[in-house]
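**Student:** Generate coordinates for the sequence data below:
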Amino acid sequence: MKKLILSIACLLFLVKTNAQNVVEITPDPNDSRVITTGMPFLLIASDARAAGMADMGVATSVDAFSQQWNPSKYAFSTDKQGFAVSYTPYLSQLVNDIFLGNFTYFNRINERSAFSASLRYFSLGEIEFVETQESIPFIQKPYELSVDAAYALKLSEQFSMAVAMRYIRSDLRLTNYDADAEAASTFGVDVTGYYQSEEEAYNSYNGRTRLGFAIQNIGPKFKYSEGGVDNFQPTTLRLGGGFDFILDDYNTISVTGEVTKLLVPTPPIMGERREYEDVNGNGEYDPNIDNEISYEPNYIIEGKDPDVSFVSGMFQSFGDAPGGFSEELKEFTYAIGAEYMYQNSFAFRTGYFNESEDKGARKFFALGAGFKFNVVNIDLSYLFSASKVQSPLENTLRFSLSFKFDEDAYTEY
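**Tutor:** Coordinates of the predicted model:
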């Protein structure tokens, strides 16, 4: 009898030993760490001059389209005022009614300050819905737009700063699919700075240094429906520098470089976390035998929770990449460009843009040209993709027009 009781006790002990709690974490095989934001049209280069140098403008010399890149440059404009318009076809290889339009105005109020404003309109064309072959088509025209104004002030003879306020509206509603969808709107702020040195004499040429920075689209998150997810704005840090080789009174070569980073949280590595009582001790979850204790379908395996405020997200974006510092470096894009100017009447431009393969893989070369006729500047640009991922602007000719009045009303150095 004692032996029987002892045998039963040993058997229960073995079962209890095998039935241990096990935590199983399964990564999502479709997980991606490419950073996405709402309203990405704000990142598209709308003017042909910047596009011709591979989408850069934070540290290039002042022009009529400086509003998108760095409005503090307007404080160095030698022209009293001007306005500019541009047209950028989008996905032109597939459709002909998607485009980005831009209108910009600036006015250098006095020796130290300037005012500027712009309107950007991104049309997604017409989308036609047909329920049956006999029914009348229902057409919707989704769009996005932004309206902004900026004030630039010289803080010294060589340095200026600007603040821009922006209203953004995104009407991408397709009511046939989501009756609760509504247009989203929010506001954003830009803080920028620009440094331009005096012209200095070297052995065989004169030179000028240019530096610029911009933190753009600082503002609250937004959503497209009451129960929808919060979307970050494309808050962006831009840092750039350049140098003008002034060869003589007629010929100038400008070389510029720029790096950018989205100040938006990096998506973490997600997966499933399951804790269960492993009854048979095989280390694998069997719903017919094992007892599930807890289950988290959206478990953060590595990285940080991106569900934070836009302010916290800006600071978090510098140290939340699951791959550590090496992955943080991959989130920086860079561009290098050059511009040759003859007698302020003709310009030839080129540039190269690079983004990490793991963060979007945008890589392209750009060419551009500019012509001046009296008060009118005409700029053109063309893009060549250098990536396996085709650019929506590939093989697209972009053009812009700018008009300047009271030219050389101000003298800089």
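
**Student:** Could you use CA atoms for every contact and neighbour count after this?
**Tutor:** Fine.

**Student:** Confidence-wise, which helix or strand of this structure is lowest on average?
**Tutor:** Lowest mean confidence among the helices and strands of the chain (mean pLDDT, DSSP states H and E): helix 2-18, at a mean of 38.

**Student:** Beyond it, next helix or strand please.
**Tutor:** strand 20-27 (DSSP states H and E).

**Student:** Tell me the gap between the helix or strand just after that following strand and the middle of its chain.
**Tutor:** Next helix or strand after strand 20-27 toward the C-terminus (DSSP H and E): helix 48-52. Helix 48-52 sits 17 Å away from the centroid of its parent chain (C-alpha atoms, centre = their mean, to the nearest Å).

**Student:** helices and strands around helix 48-52, which ones?
**Tutor:** In terms of contacts (3 or more C-alpha pairs under 8 Å, 6 or more residues apart in numbering; DSSP states H and E), helix 48-52 is packed against strand 346-354, strand 363-373, strand 376-385, strand 397-405.

**Student:** Output those in CSV, with mean neighbour count appended to each entry.
**Tutor:** Below are the helices and strands packed on helix 48-52 laid out as CSV (neighbours: other C-alpha atoms under 10 Å):
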stretch, mean neighbour count
strand 346-354, 22
strand 363-373, 21
strand 376-385, 21
strand 397-405, 21
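
**Student:** of all those strands, which lies closest to S156?
**Tutor:** strand 397-405 (25.0 Å; C-alpha to C-alpha).

**Student:** Pull up the pairing partners for the closest one, direction included.
**Tutor:** strand 81-89 (antiparallel), strand 376-385 (antiparallel) (DSSP bridges).

**Student:** got those as CSV, with mean pLDDT and distance to A335 columns?
**Tutor:** Formatted as CSV, the strands paired with strand 397-405 follow (pLDDT from 0 to 100; distance: least, C-alpha to C-alpha, whole Å):
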stretch, mean pLDDT, distance to A335
strand 81-89, 93, 20
strand 376-385, 92, 14
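
**Student:** Looking at these, spot the one closest to P234.
**Tutor:** Closest among the strands paired with strand 397-405, once you apply C-alpha to C-alpha, is strand 81-89, at 19.8 Å.

**Student:** distance of the most centrally placed residue in the chain from A51?
**Tutor:** Centroid check for the chain by C-alpha atoms, centre = their mean gives L43 as the closest residue, at 4.5 Å. Remark: distance between L43 and A51 (C-alpha to C-alpha, to the nearest Å) = 12 Å.

**Student:** T256 now?
**Tutor:** Applying C-alpha to C-alpha to T256 and A51 gives a distance of 13 Å.

**Student:** tally of neighbours for the closest residue to the residue nearest to the centre of the chain other than its chain neighbours?
**Tutor:** In this structure, L43 finds its nearest non-sequential neighbour in P234, 7.5 Å apart by C-alpha to C-alpha, 6 or more residues apart in numbering. Counted with other C-alpha atoms under 10 Å, residues neighbouring P234 total 25.

**Student:** A84 now?
**Tutor:** 22.

**Student:** Can you tell me which of the helices and strands packed on helix 48-52 is nearest to K304?
**Tutor:** strand 346-354 (26.4 Å).

**Student:** That closest one: partners in the sheet, and parallel or antiparallel?
**Tutor:** Here strand 346-354 has these sheet partners by DSSP bridges: strand 332-342 (antiparallel), strand 363-373 (antiparallel).

**Student:** Out of those strands, which gets nearest to S92?
**Tutor:** Distance to S92, taken as C-alpha to C-alpha, is lowest for strand 363-373 among the strands paired with strand 346-354, at 16.8 Å.

**Student:** Return the residues in contact with Y299.
**Tutor:** M270, G271, E272, R273 (C-alpha atoms under 8 Å, 6 or more residues apart in numbering).

**Student:** same thing with R274?
**Tutor:** Contacts of R274 by C-alpha under 8 Å, 6+ apart are V23, E24, I25, E292, I293, S294, Y295, E296.

**Student:** what bridges to the second one?
**Tutor:** Beta bridges link E24 to R274, judged by DSSP bridges.

**Student:** Isn't it up against E275?
**Tutor:** Yes: contact criterion C-alpha atoms under 8 Å: E24 and E275 qualify, at 6.2 Å.

**Student:** When those two are compared, which one has more neighbours?
**Tutor:** For the pair E24 and E275, the greater number of neighbours falls to E275 (17 against 14), based on other C-alpha under 10 Å.

**Student:** For the residue nearest to that one when sequence neighbours are not counted, give me the pLDDT.
**Tutor:** In space, E275 comes closest to V23 once its chain neighbours are excluded; the distance is 4.3 Å by C-alpha to C-alpha, 6+ apart. Here, the pLDDT recorded for V23 equals 70.

**Student:** do the same with the one 5 residues further on
**Tutor:** As predicted, D28 sits at a pLDDT of 72.

**Student:** again, but for E182
**Tutor:** Reading off the model, E182 has pLDDT 76.

**Student:** residues in contact with it?
**Tutor:** Contacts were defined as C-alpha under 8 Å, 6+ apart; by that measure E182 touches D171, L172, R173, Y224, S225.

**Student:** Let me see the ranges of the helices in the chain.
**Tutor:** 2-18, 48-52, 66-69, 310-316, 325-330 (DSSP state H).

**Student:** From G303, how far off is D28?
**Tutor:** Separation of D28 from G303 (C-alpha to C-alpha) stands at 14 Å.

**Student:** okay, the two: which has more neighbours?
**Tutor:** Per other C-alpha under 10 Å, whichever of D28 and G303 has more neighbours is G303, with 18 against 15.

**Student:** Look up the pLDDT of the more buried one for me, please.
**Tutor:** For G303, the pLDDT comes out at 87.

**Student:** I'd say it and D320 touch.
**Tutor:** Yes: in this structure, G303 is within contact of D320 by C-alpha under 8 Å, at 5.5 Å.

**Student:** can you list residues touching both of these two?
**Tutor:** With C-alpha under 8 Å, 6+ apart as the test, G303 and D320 both reach T266, P268.

**Student:** Any idea how far apart the tips of stretch 317-333 sit?
**Tutor:** Length of stretch 317-333, first residue to last, C-alpha to C-alpha: 15 Å.

**Student:** go on, stretch 33-52?
**Tutor:** 29 Å.

**Student:** any idea of the mean pLDDT for stretch 191-201?
**Tutor:** Mean predicted confidence for stretch 191-201 is 94.
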